[in-house]
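J.: next come a sequence and a model predicted from it.
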Amino acid sequence: MAEKYSLQHWIQKAQDEHTSLYVIGLQHQIQAMEITAEDLLSKMLTALKVMEESIQTGLIGNRSKGGLVGGDALRIQNYFHSQPERSVAGPVLNRAITFALAVGEANACMGRIVAAPTAGASGVLPGVLFALAEAKGFSREELVPPLIVAGMIGMVIADRASLSGASGGCQAECGSAAAMAAGAIVSLLHGSPEQVGDAAAIAMKNMLGLVCDPVAGLVEVPCVKRNAGAAAQAIVAAEMALAGVKSVIPVDEVIDAMGAVGKCMHSSLKETAQGGLAASPTGLAWTAQLGQST
């Protein structure tokens with residue numbers, strides 16, 4: 001049996017070689033994909049372009065086909081622009097949740113998105129990356145290294161646990177996206193490899209056990225708003241890690257625990273729309289209404 005990917009191994013390798021996780025990830029991906037560094041960086045820039053475009057698509061305010069979501073990203077943007085003094089979140093968090101919602105709404109409206117790591121969790125990573133780019137003046141090229149670090153974290157989660165809501169609940173989708181985004185933030189702000197691991201671990205711990213309960217089986221409610229919540233968790237975790245707060249449980253063990261929790265979850269809480277919010281009176285009413293309209 002092949003040895004599973006280990007983020008702790010890569011972190012230790014980066015420390016031993018006095019380099020960054022980005023360099024380790026770049027080397028690994030070049031070898032695994034059998035492409036040049038230039039080709040890989042070009043692919044990352046393309047992904048970032050699609051992410052940015054999906055934010056703009058979501059900010060148009062279109063409603064989804066199911067009618068459950070749409071317009072909330074635009075609503076938050078307008079609220080902040082018109083009444084910034086009333087914002088509880090502040091500019092970076094406000095923009096992160098706005099952008100995360102926008103991508104989630106673009107997905108629900110069948111817009112083009114980057115699964116990061118899944119379509120249902122596609123808003124988290126773009127939300128935090130482009131909020132920080134806007135606030136701190138990072139170029140799209142400067143977002144490439146943290147995107148590669150996020151990909152490393154996602155690879156480890158996919159190998160050791162799962163990225164699928166049907167397999168592990170929403171902890172495997174939005175929880176994984178939060179871990180990836182938290183690590184990406186730390187990388188972008190030049191934190192240490194160890195701090196990247198701490199951020200990813202803290203973010204995932206904070207979302208451990210999250211169920212997948214899509215109303216009417218659609219990736220709309222509560223999925224889109226969970227993207228905003230996961231973006232907030234990523235920022236919280238990154239802030240803690242950058243301040244020197246450590247995860248008592250190592251990141252690989254947190255990922256393993258998430259996988260174990262997912263296996264313990266009842267099937268009604270894993271994307272079947274049979275439990276959780278999907279089984280609430282309002283959720284069932286929407287299911288009946290949407291079933292009649294199709």
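T.: That came in fine, so what should we check first? Numbering: from 1, shown residues only.
J.: Met44 contacts Pro146, doesn't it?
T.: No: using C-beta atoms under 8 Å, Met44 is not in contact with Pro146; the gap is 10.0 Å. Any C-beta I mention is one placed from the backbone N, CA and C, and that applies to glycine too.
J.: which one of these two has more residues nearby?
T.: A side-by-side neighbour count of Met44 and Pro146, using other C-beta atoms under 10 Å, places Pro146 first with 27 against 21.
J.: just give me the neighbour total for His190.
T.: 10.
J.: next one: Gly229 from Ala100, what distance?
T.: Using C-beta to C-beta, to the nearest Å, Gly229 is found at 9 Å from Ala100.
J.: of the two, who's got more company?
T.: The residue with more neighbours, out of Gly229 and Ala100, is Ala100; 36 against 18, by other C-beta under 10 Å.
J.: for Glu105, list the residues it contacts.
T.: Gly58, Asn62, Ser64, Val69, Gly70, Gly71, Asp72, Ala73, Val224 (C-beta atoms under 8 Å, 6 or more residues apart in numbering).
J.: residues contacting the third one?
T.: In other words, Ser64. Per C-beta under 8 Å, 6+ apart, neighbours of Ser64: Gly70, Glu105, Ala108, Cys109, Leu218, Glu220.
J.: against Leu284, how distant is the closest residue to it other than its chain neighbours?
T.: Spatial nearest neighbour of Ser64, chain neighbours left out: Ala108 (3.9 Å); criterion: C-beta to C-beta, 6 or more residues apart in numbering. Ala108 sits 20 Å away from Leu284, taking C-beta to C-beta as the criterion.
J.: tell me the contacts of the residue nearest the centre of the chain?
T.: The centre of the chain sits closest to Ala177, judged by C-alpha atoms, centre = their mean, with a distance of 2.5 Å. Ala177 makes contact with Ala116, Pro117, Thr118, Ala121, Ser122, Val124, Leu125, Asn227, Ala230, Ala234, according to C-beta under 8 Å, 6+ apart.
J.: switch to 6 Å and redo it
T.: Ala121, Val124, Ala230 (C-beta atoms under 6 Å, 6 or more residues apart in numbering).
J.: out of those, who has the most neighbours?
T.: Val124 (37 neighbours).
J.: that older thread, could you dump the contacts of Ala177 to JSON lines with pLDDT, secondary structure and distance to Ser192?
T.: Putting these into JSON lines (pLDDT from 0 to 100; DSSP: H, G, I helix; E, B strand; the rest coil; distance: C-beta to C-beta, whole Å) gives the following:
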{"residue": "Ala121", "pLDDT": "98", "secondary structure": "coil", "distance to Ser192": "26"}
{"residue": "Val124", "pLDDT": "98", "secondary structure": "helix", "distance to Ser192": "23"}
{"residue": "Ala230", "pLDDT": "98", "secondary structure": "helix", "distance to Ser192": "24"}
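J.: identify, from those, the entry nearest to Val92.
T.: Here the nearest of these to Val92, counting by C-beta to C-beta, is Val124; it sits at 14.5 Å.
J.: any weak-confidence spans in the stretch 1-150 of the chain?
T.: Under the criterion pLDDT under 70, the flagged ranges of the stretch 1-150 of the chain are 1.
J.: go again using 90 as the cut-off
T.: Residue ranges of the stretch 1-150 of the chain with pLDDT under 90: 1-2, 65-66.
J.: sorry, back to before: and of the contacts of Ala177, the nearest to Gly275?
T.: Distance to Gly275, by C-beta to C-beta, is smallest for Ala121 among these, at 19.4 Å.
J.: which residues touch the closest one?
T.: Counting by C-beta under 6 Å, 6+ apart, Ala121 makes contact with Glu173, Cys174, Ala177.
J.: which among those residues gets closest to His28?
T.: For the contacts of Ala121, the nearest to His28 is Ala177 (20.8 Å; C-beta to C-beta).
J.: report the distance from the strand or helix carrying that closest one to the chain centre.
T.: In this assignment (DSSP states H and E), Ala177 forms part of helix 174-188. Averaging C-alpha positions (C-alpha atoms, centre = their mean, to the nearest Å) puts helix 174-188 7 Å from its chain's average.
J.: which strands and helices sit next to whichever helix or strand comes after it?
T.: Moving toward the C-terminus from helix 174-188, the next helix or strand (DSSP H and E) is helix 193-206. If you count contacts as 3 or more C-beta pairs under 6 Å, 6 or more residues apart in numbering; DSSP states H and E, helix 193-206 packs onto helix 7-16, helix 174-188, helix 223-242, helix 251-264.
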